[in-house]
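1. missing the sequence, but the structure's below:
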């Protein structure tokens, strides 16, 4: 009986050590995410990007996915990458799924939808705010654009937040 308790105690000690290691990794990850958000915000401000359209174009260019759906689909399908996280985030969003007929998105269907949104954003008028106004507004990309559905806004939120872009729904 004492041996069993000793073995259980050792198992719990090992689990405690593992949990402390996971907590330490999570804290390091949080710090890296915060740093990424700061760098991304500075990059957006430096490039004069204040709209969802500009941010989407920058994000696609950063990942060499210019106007090519197959490249973006490959990006979303790459295991362990940020693209896979975006796909997972979108597949957890009830709104995104409901507008896709309740089916999970594939890398290909998500790439097609992103390019549909990109075409829609290219039809919108340019954001007329200056860099100073953008900075006062909290340095966040505004997602609530003319004509975007709630599911498109949810998809953009997943895409931008996963890549460290600061976002908010409206002005």
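-> The structure has been received and is ready for your questions. What you see is a predicted model; the values in this text were computed from it and never measured.
2. how about stretch 149-168: buried residues?
-> Within stretch 149-168, the residues that count as buried by 16 or more other C-beta atoms under 10 Å are 151-167. Quick note: C-beta positions are derived from backbone N, CA and C, even for glycine.
3. can you give me the helices in the chain?
-> 2-47, 52-62, 69-77, 82-92, 94-98, 107-123, 131-136, 150-162 (DSSP state H).
4. Just name the most buried of those.
-> Ranked by mean neighbour count, those are led by helix 150-162 with a mean of 21 (mean count of other C-beta atoms under 10 Å).
5. In terms of secondary structure, what does it contact?
-> Using 3 or more C-beta pairs under 8 Å, 6 or more residues apart in numbering; DSSP states H and E, the elements in contact with helix 150-162 are helix 52-62, helix 82-92, helix 94-98, helix 107-123, strand 167-168.
6. run the last query once more with 6 Å
-> Contacts defined by 3 or more C-beta pairs under 6 Å, 6 or more residues apart in numbering; DSSP states H and E place helix 150-162 against helix 82-92, helix 94-98.
7. do you know which of those lies nearest residue 13?
-> Residue 13 lies closest, by C-beta to C-beta, to one member of the helices and strands packed on helix 150-162: helix 82-92, at 33.0 Å.
8. Check what pLDDT the closest residue to residue 76 other than its chain neighbours gets.
-> Once flanking residues are discounted, residue 76 sits nearest to residue 107: 3.8 Å by C-beta to C-beta, 6 or more residues apart in numbering. The confidence metric pLDDT takes the value 92 at residue 107.
9. Kind regards, and thank you for your time.
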